[in-house]
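1. No sequence on hand, only this structure:
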């Protein structure tokens, strides 16, 4: 394929649709990571939480058809989603409990959760299906897509609003959209959000005005579990309709990177997640151009490190500038006195 | 015989960790009960599988299962090297999670030397090992310098560098090193001059075994018998005190991560030059993170790492055998591992007695100083 | 009518036996400005923390308008109408001033914070009490004076009738101080009651109606009308105590200047000048004592001289070698040893063994390290030797330092610093918070160093200690040396007290001749 065709395919609406689909399972956990980060409890268990939710969504969705025969078909995937969310919340609670009550280091405890998720999903999958790779033997349910009516006839808008095949985006894409706005409002317009940010910035001050620091941090970790779960469900019941072992493939960590690259605010975080999504989509296109996709895969981590370095260098420069300013002031005083 | 205070401490720590392991195994067994038709058989395989079966027959002494025993040692070698790597950085209180990336680049560097140079075996192997160590060193030094001089959080930077390392590995493997005639992505097998010589026939236990013993001694020596080791320990115990004492804390932080990288890089060389004898798309399967549990079990003490590595390697090998001969997958070990990490790091659970004893002696004075500090503030 | 607040027979003994309040009686009338003064460690902050529910008294009672109350935590204090403005502000830097003021009790419109109402309430409060703030400004971008007004408004927003201000002027410029005083008078005019903790006597006369003086956990002047007492009287009550100990000192054999410090200035990262053109010499065979109320630059002086903080301007030579701006290692190599003020943070590694703690400045040198190899056996032997010489009581040299008592912990530091054979020894608050026996031991060691012909710079908030040990005494006030004296029978605590409180100052020429 020539460069022209690749460029042509990039500057199309279909490409935008691809980015939207790829970004969804990054945006949701990134919002979760943001909430816990702002509350002063970094959550690197997003990866594992996504994984368990993705797994249980598929399994419970598939089995509920056997358990509750005769129920309307659309209910089953939602039962699965509910189970996925619940198990993610349980693990998030476990993380919060061992950190806040038992004094466990939150990084190590989160790593343990990730390992538990990685092992636990394969372990249970094998026990249920006899397969360690994927749930291909299960009749996998999917969460519905949402099709925007009437726009399909319009050339560009049809693809933009309803994706390439006019089949619409997964409901989790819309959830991501709504939740971005919602998270912003909660964080910046509601008392709970103010308390959460206060706890993250100066817990002592927050406690001094009667905010229950521990409760806020519990809630933040649970919320991040909820959002990570939605991201995981999107992966296995929307983006794909199957669970594969370790299918999150580092998305939880990339989501966390988006939080830092996005300067720890919802809008920035979502933009960063979309940039990472675009990089992946671009990688897929570049593959056809014989540009190795590995180059593209390196972009998100590289950009994140660069952002981390630039942020810290700027702070150092600022401190140095302050020091110079004071020194000048002192010398002036000295000269005058 | 009376025990010194230090020995008593060690002993208490040992029993504490033993208790954690037993609890984790018990919970693992409970979970197995839920899914398995033959849980007892499965757990018996898990716990005895790696041992060779020795029996007397009319034909004389007969040893079966030597390859299982070999698997145990092979895996333990990787775990011990990575465990040492993690123990060094954690001792400096740096949360580097970069072992995974260092393993990949160590394997890659060893692979490139193996495939693209030729020399007599001794020199070839030495060069490849040095390349692996160097790659790990550099990949540890980068986040080390970023932390020490720019104050860039090492958790984020090492996780990101892991992704970059794996992509560099794949890029070079796919674009350059692979043999396109194979049906899967892999390089040629390494020339004989670059494959680590076998030590136990019938296994893949190579001279990496001796290298690992040397690495343990060297790390122990580094941490207890060199100024850098002292500096790493002091920086880990109290960064401000280290600075007050005149230690160049930035240099120590950067070096602790780089030295750790050497060990992880060597683990990568063991995987490529000893186990696989070629480079394949996946080599580590997350073993860089498993090193954390080894270091935790060893309480970051290099002397204790071999024991922890052998224990955890035993568990992993037993799990593989269990998977082959029962209806339980080896992932049960990951669950046990997670429980171990949580129980060891959940400080307030097990050492309650210890803490209670300390509380009676120490914090009263601490609180006195705090109250004074409050006056000053 | 009963007093507005009355604290009766308050005793506070910390678990380690330190007595902070010994039967204190304290009462405040409604609508007055009541100053609470005393040196650091006199127990005034403890007393106020008890009133605010942050500490619990060992014995004693609190009455609010005659009713006995129990105040378990700050929350209850707030409910009772008590508000406290701490020295280190409890603010969220990225929030606006209005948001900070309403934090935890936000006005709402439905489920959302009503920012307009928050800003309006802030403006109203600020106008009512004459505390000017910009409701929309982010705290991180506002000067210290405004932050303090925010803290005061925060307590008013929560309905405080009694405001406790803990050394509110310590961080303010004179202009800001004047503004604060105006606001405090306004508060009182609006019916509030104010307790004003300070150790600046000028302010007491300026702002307070009555003053209670504390010393050593006791009240030495109870609720005196400020109109009836002079600053000198108050100073007398604050510092006038008997010297409790005398150290035998042979006559001084003064040698050449070991340390020469010239025009040393230091400005903190936040732009506060903490040292201003400090100049002095320390001679061989002398103890130069730095006296002063804490927070007047002594901490920074020790930290800058020992290489922990970079100086802003100035020079310092030790044995002719420049040491300013060098790292701690080079400063130590120039012959400086340092007993740090904050020993738990800087002086020891709690989890490390005594042996390891004793070599942090010398582990890299022979005999501990030869050709890159360290010899733990020699480090342990060195530790046993020092433990014996300095009478450090511990189970073994391998015990972690955290298992030691405060006095023994300090002896570990003293043993290390003294045994490094320094030319100049900087000892910052060397006997603070340790038992009498250990304190006596440390003092004797200091004198012995002096007798051996070393130069000792002793920084202590304990005036009696400085007076009994030092050959010369320099007094610091607001980052400057305001007086320097040859110690002798004609130097009285009262006289030094006047310098320490900024009431007297020598002329620059006088200081120069004695430096």
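-> Alright, I've got the coordinates. Just so it is clear, the model here is predicted, and its values are computed rather than measured. Numbering: from 1, shown residues only, chains lettered A, B, ... in the order given.

2. how far does stretch A:65-85 stretch from start to finish?
-> Start to finish, the residues bounding stretch A:65-85 are 19 Å apart (C-alpha to C-alpha, to the nearest Å).

3. no wait, stretch C:201-221
-> End-to-end distance of stretch C:201-221 (C-alpha to C-alpha): 14 Å.

4. before we move on, what about stretch C:236-251?
-> Chord length of stretch C:236-251, first to last residue, is 30 Å (C-alpha to C-alpha).

5. Ok, stretch C:430-444 next?
-> By C-alpha to C-alpha, the extent of stretch C:430-444 from end to end equals 12 Å.

6. again, but for stretch C:427-439
-> Stretch C:427-439 has an end-to-end distance of 13 Å (C-alpha to C-alpha).

7. Which residue lies closest in space to whatever residue of chain A ends up closest to chain B, excluding its sequence neighbours?
-> Closest to chain B within chain A is residue A:119: 2.4 Å, counting by C-beta to the nearest C-beta. Every residue, glycine included, has its C-beta placed from N, CA and C. Distances taken as C-beta to C-beta, 6 or more residues apart in numbering or on different chains put residue B:334 closest to residue A:119, at 2.4 Å, once the chain neighbours are dropped.

8. Test for you: state the pLDDT assigned to that neighbour.
-> pLDDT, residue B:334: 88.

9. and it, what element?
-> In this structure, residue B:334 sits in helix B:332-345 according to DSSP states H and E.

10. quick one: contacts for the residue of chain A closest to chain B?
-> Remark: with contacts taken as C-beta atoms under 8 Å, 6 or more residues apart in numbering or on different chains, residue A:119 is in contact with B:331-335, B:337-338.

11. need those in JSON lines with neighbour count, can you?
-> Listed next are those as JSON lines, based on neighbours: other C-beta atoms under 10 Å in any protein chain shown:
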{"residue": "B:331", "neighbour count": "24"}
{"residue": "B:332", "neighbour count": "28"}
{"residue": "B:333", "neighbour count": "25"}
{"residue": "B:334", "neighbour count": "27"}
{"residue": "B:335", "neighbour count": "22"}
{"residue": "B:337", "neighbour count": "29"}
{"residue": "B:338", "neighbour count": "26"}
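
12. Tell me which helix or strand the closest residue to residue A:224 other than its chain neighbours sits in.
-> Nearest residue to residue A:224, sequence neighbours excluded (C-beta to C-beta, 6+ apart): residue A:32, at 3.5 Å. Assessed by DSSP H and E, residue A:32 sits inside helix A:13-38.

13. what's around residue 296, how many residues?
-> Went with chain A since none was named. Using other C-beta atoms under 10 Å in any protein chain shown, residue A:296 has 20 neighbouring residues.

14. That was the other one, I meant chain C.
-> For residue C:296, the count of nearby residues is 24 (other C-beta under 10 Å).

15. go on, residue B:213?
-> When neighbours are defined as other C-beta under 10 Å, residue B:213 has 13 of them.

16. pLDDT at the closest residue to residue C:4 other than its chain neighbours, what is it?
-> Residue nearest to residue C:4 in three dimensions, not counting chain neighbours: residue C:30, with 3.9 Å by C-beta to C-beta, 6+ apart. With respect to pLDDT, residue C:30 scores 93.

17. swap in residue A:4?
-> On pLDDT, residue A:4 comes in at 67.

18. cool, residue B:72 as well?
-> pLDDT, residue B:72: 92.

19. Please verify my assumption that it contacts residue B:313.
-> Yes. Using C-beta atoms under 8 Å, residue B:72 is in contact with residue B:313, at 5.5 Å.

20. picking up where we left off before, pull the number of nearby residues for the residue nearest to residue C:4.
-> Residues within reach of residue C:30, counting by other C-beta under 10 Å, total 16.

21. Kindly confirm my reading that it is in a helix.
-> No. Counting by DSSP: H, G, I helix; E, B strand; the rest coil, residue C:30 falls outside a helix, being coil.

22. if I pick it, what's in contact with it?
-> Shown in contact with residue C:30 (C-beta under 8 Å, 6+ apart): C:3-4, C:65, C:193.

23. Tell me the secondary structure at residue C:252.
-> Under three-state DSSP, residue C:252 comes out as coil.

24. Can you tell me the closest non-neighbouring residue to it?
-> Closest to residue C:252 by C-beta to C-beta, 6+ apart is residue C:471, at 5.3 Å.

25. can you tell if whichever strand or helix holds residue A:196 touches chain C?
-> Residue A:196 belongs to helix A:191-201 when assigned by DSSP H and E. Yes. Helix A:191-201 lies within reach of chain C by C-beta under 8 Å from any C-beta of the partner chain, at A:191, A:194-195, A:197-198, A:201.

26. how far is that helix from where the chain is centred?
-> Distance of helix A:191-201 from the chain centroid (C-alpha atoms, centre = their mean, to the nearest Å) equals 21 Å.

27. quick one: contacts of it?
-> A:35, A:37-40, A:185-187, A:205-206, A:211, A:213, A:216-217, A:219-220, C:92-95, C:99, C:103-104, C:106, C:108, C:113.

28. try 6 Å
-> Residues from elsewhere that reach helix A:191-201 (C-beta atoms under 6 Å, 6 or more residues apart in numbering or on different chains): A:38-40, A:186-187, A:206, A:211, A:213, A:216, A:220, C:92, C:103, C:106, C:113.

29. Identify those among these that sit within strands.
-> The strands, defined by DSSP state E, take in residue C:113 from the contacts of helix A:191-201.

30. Point out the least confident one among the contacts of helix A:191-201.
-> Ranked by pLDDT, the contacts of helix A:191-201 bottom out at residue A:211, which has 87.

31. Flag every residue of the stretch 51-200 of chain B that's near chain A.
-> Proximity of the stretch 51-200 of chain B to chain A (C-beta under 6 Å from any C-beta of the partner chain) is limited to residues B:95, B:150-152, B:156-157, B:159-160, B:163-164, B:167, B:170-171, B:175.

32. Now compare those residues and name the two farthest from each other.
-> B:151 and B:175 (35.7 Å; C-beta to C-beta).

33. More neighbours: which of these two?
-> residue B:151 (16 against 11).

34. And the more buried one, how far from residue C:506?
-> 44 Å (C-beta to C-beta, to the nearest Å).

35. What of residue B:45?
-> For residue B:45, the distance to residue C:506 equals 87 Å [C-beta to C-beta].

36. between those two, who's got more neighbours?
-> Under the criterion of other C-beta under 10 Å, the comparison of residue B:45 against residue C:506 puts residue B:45 first, with 21 against 17.

37. Correct me if wrong: the more buried one contacts residue B:327.
-> No. Under the criterion of C-beta atoms under 6 Å, residue B:45 makes no contact with residue B:327, lying 11.1 Å away.

38. what is in contact with the two at once?
-> Shared contacts of residue B:45 and residue B:327, defined by C-beta under 6 Å, 6+ apart, are absent.

39. about what we covered before: closest one to residue B:250 out of the contacts of helix A:191-201, please.
-> residue A:40 (26.1 Å).

40. Give me the distance between the residue lying closest to residue C:54 once chain neighbours are set aside and residue C:138.
-> Leaving aside its sequence neighbours, residue C:54 sits nearest to residue C:74 (C-beta to C-beta, 6+ apart; 6.0 Å). Distance, residue C:74 to residue C:138, using C-beta to C-beta: 25 Å.
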